[in-house]
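# I'd like to go over a predicted model; first the sequence, then the structure.
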Amino acid sequence: MHFVVMGVSGSGKSTVALRVAERLGLPLAEADGFHPAANIAKMSAGVPLTDEDRRPWLASLAEWIAAHERRGAPTVVACSALKRAYRDILRTGAPDVRFLHLHGCGSLLAQRLAERSGHFMPPALLDSQLETLEPLEGDEEGVTLDITPSPDVLVERVVGIVAAGLGRVPGARH
Ligand SMILES: Nc1ncnc2c1ncn2[C@@H]1O[C@H](COP(=O)(O)OP(=O)(O)OP(=O)(O)O)[C@@H](O)[C@H]1O
Ligand SMILES: O=C(O)[C@H](O)[C@@H](O)[C@H](O)[C@H](O)CO
């Protein structure tokens, strides 16, 4: 079973996924680290990625999931996964890929991005991210979580969801 923490830039994917993976002792893929240099250069220059830019990047993440699936290792992935078609690519990695959508309003996201420093993703790309986003559909395995609460609260919720999916006790370390 694999859990993708998804959402637009600034929704808290990296923050939440890292802490959840640490708490439960699960391997983590941070999708930012899978982008080819050309994609990073494009985003850094304020140009949104296209479907063509994202396809090989998503395929490499699906392959990472598949490699862990072959070893029977559950994982956590932090990846925007904005469109259903992108999630379809990630789902090719394993039979059970679940999505945790971190969802917030535009003004809260803009505020968090404005306060963040040292990241290549310019806050100006938020509008394009929100336009591209396709929320989870009824037949997709997953949960949508409101990002208003603190990281501590969100992490507890996600740990609970992931631990329940894996049949573990949330409080226990791996
Ligand atoms: N629940 C939260 N409450 C308050 N601040 C938060 C919360 N979650 C994350 N943040 C802060 O908001 C900013 C964005 O979070 P983060 O970098 O994890 O988002 P992201 O979805 O991974 O973004 P990107 O896709 O651009 O990498 C960071 O400065 C982070 O510390
Ligand atoms: O699909 C995308 O446009 C990308 O994943 C972006 O979302 C960035 O990689 C990320 O948000 C910055 O960290």
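Happy to help now that I have it. Ligands and ions are numbered 1, 2, ... in the order given.

# C-terminal to the lengthiest strand in the chain, what's the next element?
In the chain, with assignment by DSSP state E, the single longest strand is strand 97-103. As assigned by DSSP states H and E, the chain's next helix or strand after strand 97-103 is helix 106-115.

# Which parts of the protein are helices?
Using DSSP state H, the helices of the chain run over 13-24, 37-44, 51-70, 84-91, 106-115, 126-132, 151-166.

# deepest of those, which one?
Mean neighbour count, computed with mean count of other C-beta atoms under 10 Å, is highest for helix 13-24 among these, reaching a mean of 21. Every C-beta, even on glycine, is put in place using the N, C-alpha and C of the backbone.

# Does that helix reach ligand 2?
No - judged by C-beta under 6 Å from any ligand atom, helix 13-24 makes no contact with ligand 2; its nearest approach is 7.1 Å.

# quick one, what contacts Glu141?
Asp96, Val97, Arg98, Phe99 (C-beta atoms under 8 Å, 6 or more residues apart in numbering).

# Nearest to ligand 1 among these?
Taking C-beta to the nearest ligand atom as the measure, Phe99 is the one of the contacts of Glu141 closest to ligand 1, at 13.8 Å.

# what's the spacing between the nearest residue to the closest one once chain neighbours are set aside and ligand 2?
Excluding the flanking residues, the one nearest Phe99 by C-beta to C-beta, 6 or more residues apart in numbering is Gly142, at 3.4 Å. Noted for Gly142: a distance of 17 Å to ligand 2, by C-beta to the nearest ligand atom, to the nearest Å.

# Near Gly142, how many other residues are there?
Residues within reach of Gly142, counting by other C-beta atoms under 10 Å, total 19.

# This completes my enquiry, with thanks.
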